[in-house]
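1. What follows is a predicted protein model with its sequence.
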Amino acid sequence: MDANRLNILNQSNRMLSKLQLLSVFFGDDVIYKIYLRSQVIHKIFEANEELDINKLDLFHLQFTQSLIDLLRKIKKNNEGNVSLLFDEIQINKEMMERLNDPTYTLANFNLEKQRQSLKINLSLRKLFQVLSDTSNENPLSKNINAFSSRFSADFFYTISTDLMEEITAYTLTDIYQNSYAKIQRKLMGILCKYDFKTEFYCGLKSGAQVIEVYKFLDDDRHFIYAPSDSLFVFFDMAKIAGLDMSTNMSKKERLVYELKDKNDKLEGNAVAMKAFMPPEITSLLADNYKKISDITFLDNISNIDVQANILKTMLNTDLI
């Protein structure tokens, strides 16, 4: 075998290997068929020394190379778009990591509201004692207001300013008070009756003002604690009957859920985008396959420049 023939066949094999890799990348049936047909053309020239090997070289130079250049451009463009998607996915993951601070999870809120209930019950018991002794001692547990400061933004329900004012309104003559706290007289009586056994029910907020709602364990009655005034008064649950309390998921947890859902969609889009082929290109490739599959193709191989020019034109369009 002469050196020129061997060189062209080796170059043809290298060209076919590139086309095969691209067919695997795109997973497109037409590209794979073009690869198989190009391989058949190679085998025909390899097995028939009487054929002009330069025609195989011409076929690859004009057609296969143009096709590979076009597919590589599409691949590069797709990978660039996929890279942008994965950048967004990574940003979302970093955001989720920051938002997943265990301090503000629902599980942590449920744990802390139990501790807050204990603080409130101890504070109320102590308040009864200091009022009975006419003491000026502070009955409220240490850091009793930290609970609302920590969780109100994410877990307390929003109400109107007017409703907040109505809920926290009281008559001075109905109140026991010292320098540190105020409590409704009737509420103190019921608390004593039920041995100060209550539990946190929910939190309400309006602007910067917050209140905590508590329920008696052994009675279907509620009262509020207003941290800003250290106020304890009965609360009528009918006032918030229309409030949507169907979910207790924090804003941060909802955002994490939304970001995770968005990432799932972006990852799905990335898979599809990686091997995306513009419809115009798909149609062109199908036409090219028909051309090189024609039994008379070898007789007209010198005219492949028409198809090659179309491929080269596609390289310079905005379709990709």
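-> In hand now; what should we look at?
2. Is residue 203 located within a helix, as I assumed?
-> No. Per DSSP: H, G, I helix; E, B strand; the rest coil, residue 203 lies outside any helix segment and is strand.
3. Quick check, pLDDT for the nearest residue to it once chain neighbours are set aside.
-> Nearest non-adjacent residue to residue 203, counting by Cβ to Cβ, 6 or more residues apart in numbering: residue 156, 3.4 Å away. All C-beta spots, glycine's among them, are computed from the backbone N, C-alpha and C. Residue 156 is assigned a predicted lDDT (pLDDT) of 91.
4. For residue 156, grab phi and psi.
-> Phi and psi for residue 156, reported as degrees, to the nearest 10, are phi -90, psi 150.
5. can I assume it is in contact with residue 150?
-> No. Here residue 156 lies out of contact with residue 150, judged by Cβ atoms under 8 Å, at a distance of 10.7 Å.
6. quick one: low-confidence ranges for the stretch 101-250 of the chain?
-> 101-104, 246-250 (pLDDT under 70).
7. Do a quick rundown of the helices in it.
-> Listed in chain order, the helices of the stretch 101-250 of the chain (DSSP state H, counting those that start in this stretch) span 106-132, 146-155, 161-168, 185-193.
8. Is it possible to get JSON lines of those helices that adds distance to residue 245 and mean neighbour count?
-> Formatted as JSON lines, the helices of the stretch 101-250 of the chain follow (distance: least, Cβ to Cβ, whole Å; neighbours: other Cβ atoms under 10 Å):
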{"stretch": "helix 106-132", "distance to residue 245": "14", "mean neighbour count": "17"}
{"stretch": "helix 146-155", "distance to residue 245": "11", "mean neighbour count": "18"}
{"stretch": "helix 161-168", "distance to residue 245": "15", "mean neighbour count": "14"}
{"stretch": "helix 185-193", "distance to residue 245": "23", "mean neighbour count": "15"}
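9. How many neighbouring residues does the residue nearest to residue 203 have?
-> If you count neighbours by other Cβ atoms under 10 Å, residue 156 ends up with 18.
10. List the residues that contact it.
-> 148, 202, 203, 204, 205, 210 (Cβ atoms under 8 Å, 6 or more residues apart in numbering).
11. Longest helix of the protein, counting residues only.
-> Ordering each helix of the chain by length in residues (DSSP state H) puts helix 65-99 first.
12. And that helix, what does it pack against?
-> helix 3-26, helix 251-274, helix 279-293, helix 305-315 (3 or more Cβ pairs under 8 Å, 6 or more residues apart in numbering; DSSP states H and E).
13. For residue 97, see how far away the residue nearest the centre of the chain is.
-> Residue closest to the average C-alpha location in the chain (Cα atoms, centre = their mean): residue 259, at 1.9 Å. Plainly put, residue 259 is 10 Å away from residue 97 if you go by Cβ to Cβ, to the nearest Å.
14. Wait, residue 263 touches residue 92, no?
-> Yes. Applying Cβ under 8 Å, one finds residue 263 in contact with residue 92, separated by 5.2 Å.
15. circling back to that earlier point, please identify the buried residues of the longest helix of the chain?
-> Buried positions in helix 65-99, judged by neighbour count with 16 or more other Cβ atoms under 10 Å: 65-68, 70-71, 74-75, 78, 82, 85, 89, 92, 96, 99.
16. Ok, stretch 228-247 next?
-> For stretch 228-247, by 16+ other Cβ under 10 Å, it's 230, 231, 232, 233, 235, 240.
17. Out of these, which sit inside strands?
-> Among those, the residues falling in strands (DSSP state E) are 231, 232, 233, 235.
18. of those residues, closest to residue 291?
-> Nearest to residue 291 out of these is residue 235 (Cβ to Cβ; 82.1 Å).
19. what are the bridge partners for that closest one, then?
-> Counting by DSSP bridges, residue 235 is bridged to residue 222.
20. hmm, back to that, closest one to residue 44 out of the ones in strands among the buried residues of stretch 228-247, please.
-> Lowest distance from residue 44 to those (Cβ to Cβ) belongs to residue 235, with 90.6 Å.
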